[in-house]
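Chemist: Predicted coordinates and the sequence they were generated for:
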Amino acid sequence: MNLPRKEWAAALCALPASEVKHLANVLSGELEVRDVALPHAGLGLLNLRDGAFEESYFIGEIPVARAEVIVRSAGGMEERGGALIVDDRAQFARSIAILDAVMAGKLPGSVPAMTLVQRGMEVRQQKQIERKKLLTATRVDFSLLGQEDDEDEE
Amino acid sequence: MSYVAIKGGKAAIDGAASASEYLRSKGSLDEPLTLAMIEEQLRLLTSRVVSEGGLYHPRLAALALKQFQGDTLEAAFALRAYRSTKPRLLESPVQDTANMRCIRRISSAFKEVPGGQYLGATYDYALRLLQLDLANEDPAAFKAVAKSFLRDTPETELPDNFPKVIDSLRAEGLLPPVAPSRAAAFDITRDPLVFPVPRSAALATMARAETGGLLAMAYSNMRGYGDVHPTVAELRVGYLPVMLPHPVTGELMEAGEVLVTECEVVAMYEGTNGDELPTFTLGYGACFGHNEVKAISMAILDRALQKGMQDGPTNPSEDPEFVLLHVDGVDSMGFASHYKMPHYVTFQSDMDRLRTTQQKMQQKESEATT
């Protein structure tokens, strides 16, 4: 299963950071990793469209971490990778950026990286299943209401 | 306000910090609270702090609650202080809450809404009776609760997100048309509120307002100092995917998600001066975390403020300056708390004036009697 690049970061964020960092560290030992810019963490202002008039406003701030790297294999293949995540761990973002480059360029290590992404997707899907169970268990069935006297309705 | 720098209090202040820590830990033979416990088991408390702190960081909100022993105002203050130390890296593209992954979605306007109604986790229908068995909860039984819920609830095919209820009203021509403002959203963290302010400033201010303060203002409108008379078109709670551009490709990607509560209220319809048909009016509220009272209060006040901005305020809840300058928890708590700080000089001055006035009056009385 080849997931589109835009879903990689979210999948990796669903896993324990230690797993992602571990694989990135292992691959960094085999590949040359250069930082395009130093990984950094800070805040982002979250811009929402209001549901009534569709005007934009800022609901508040979110932590964001960003990293951008160039990864080069021993065979001379090179790819740029990046990560921008809702998180405050800059090194975690760097690890994701390394895996992003490795997978985008199909560099050595892309297979275990993609396996990690797929596992992250499974974690996300499981979380979504659990959330949907909150809905399933509490769906309101108004069909019975229609058969009864509605005088009490407001 | 006049303060005076005083010496000699350092030991007492250090002692006060130690005393607070003593009270936090005394009598607790158990383990200290973990942040996960606070974040999960006191999720609604954590929600208050992330929204009032204006920073969606549930783990740090839990830490702040632990540090300040459950004081939401102080916890929100600490979160604001933390955010002030961090660099601003970006402003996100405009996010659409129609993408929210709902865990609760209700409407009090219609029984049948497109996609259905889901109560989710709520105490709305619970009896407010103490559940005494929680006082001595068995850890094994506690752990089994989540497992049995997931085991006993079937998996069903549900969409990832739901259409907005007000879209159908708008399609019928019962709501005012959308006229998106081209103006950039107002950043209340960088610019002061100078009235009149754009609606985006009002929404941002209320989104991080103190829940009780916002509720009090909205309640005044509900009770009669106003006439919004809202109907909740939709109240939804869910996880909003945050879409940010990929640093390399520029393509929007999901960078994370935030829990948000959002409410749209439909209010009394109003006529128009021209040939246009009358439509309902609308109010909107949203905040970080799960906090329904806050979102509903904000929606009511949004509508009240729109009316006040258009026609001039006829009651406090329609007055933007009155509402927006008095709902911030950190501001108002700070002002109230500052009265605890030494005011020795100002009070000494007050006493001097009072004594002088008394002396003058006594002198006059004695002169009159002699």
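Modeler: Nice, I can see it.

Chemist: Relative to residue A:5, how far out is residue A:106?
Modeler: In this structure, residue A:106 and residue A:5 are 12 Å apart, going by C-beta to C-beta, to the nearest Å. Every C-beta, even on glycine, is put in place using the N, C-alpha and C of the backbone.

Chemist: Closest residue of the stretch 201-350 of chain B to chain A?
Modeler: Residue nearest to chain A within the stretch 201-350 of chain B: residue B:256 (2.5 Å; C-beta to the nearest C-beta).

Chemist: hang on, isn't that residue packed against residue A:14?
Modeler: No: the pair residue B:256 and residue A:14 fails to qualify as a contact (C-beta atoms under 8 Å) at a distance of 10.1 Å.

Chemist: Could you check which of the two has the larger neighbour count?
Modeler: Applying other C-beta atoms under 10 Å in any protein chain shown to residue B:256 and residue A:14 shows that residue B:256 carries more neighbours, namely 23 against 18.

Chemist: Report the beta-bridge partners for that one.
Modeler: residue B:242 (DSSP bridges).

Chemist: could you measure it against residue B:229, distance?
Modeler: Distance, residue B:256 to residue B:229, by C-beta to C-beta: 38 Å.

Chemist: can you check residue B:178 too?
Modeler: With C-beta to C-beta as the criterion, residue B:178 and residue B:229 are 23 Å apart.

Chemist: so what's residue A:135 closest to, chain neighbours aside?
Modeler: Computed as C-beta to C-beta, 6 or more residues apart in numbering or on different chains, the closest residue to residue A:135 that is not its neighbour in sequence is residue B:118, at 4.2 Å.

Chemist: how many other residues sit next to the one you found?
Modeler: 23.

Chemist: next one: phi and psi at it?
Modeler: phi -130, psi 120 (degrees, to the nearest 10).

Chemist: quick one, what contacts it?
Modeler: By C-beta atoms under 8 Å, 6 or more residues apart in numbering or on different chains, the residues touching residue B:118 are A:134-135, A:138-140, B:102, B:104-106.

Chemist: Just the buried residues of the residues you listed.
Modeler: The neighbour-count test (16 or more other C-beta atoms under 10 Å in any protein chain shown) marks A:134-135, A:138, A:140, B:102, B:104-106 as buried among the contacts of residue B:118.

Chemist: Those in strands, which ones?
Modeler: Counting by DSSP state E, the part of the buried ones among the contacts of residue B:118 found in strands is B:102, B:104-106.

Chemist: Quick one: the residues you listed as JSON lines, columns for pLDDT too.
Modeler: Below are these laid out as JSON lines (pLDDT from 0 to 100):
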{"residue": "B:102", "pLDDT": "97"}
{"residue": "B:104", "pLDDT": "98"}
{"residue": "B:105", "pLDDT": "97"}
{"residue": "B:106", "pLDDT": "97"}
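
Chemist: Those residues also near chain A: which ones?
Modeler: The subset of those within reach of chain A, counting by C-beta under 8 Å from any C-beta of the partner chain, consists of B:102, B:104-106.

Chemist: nearest to residue B:14, of the residues you listed?
Modeler: The closest of those to residue B:14 turns out to be residue B:104 (C-beta to C-beta; 46.3 Å).

Chemist: That closest one reaches residue B:124, doesn't it?
Modeler: No: Residue B:104 lies out of contact with residue B:124 (C-beta under 8 Å); the separation is 10.0 Å.

Chemist: What residues does residue B:232 make contact with?
Modeler: By C-beta under 8 Å, 6+ apart, the residues touching residue B:232 are B:106-109, B:263-265, B:296, B:299.

Chemist: Going through those, which ones are buried?
Modeler: When these are checked for burial by 16+ other C-beta under 10 Å, the buried set is B:106-107, B:109, B:263-265, B:296, B:299.

Chemist: Going by distance to residue A:25, which of these wins?
Modeler: Within these, proximity to residue A:25 (C-beta to C-beta) peaks at residue B:263, which comes in at 45.6 Å.
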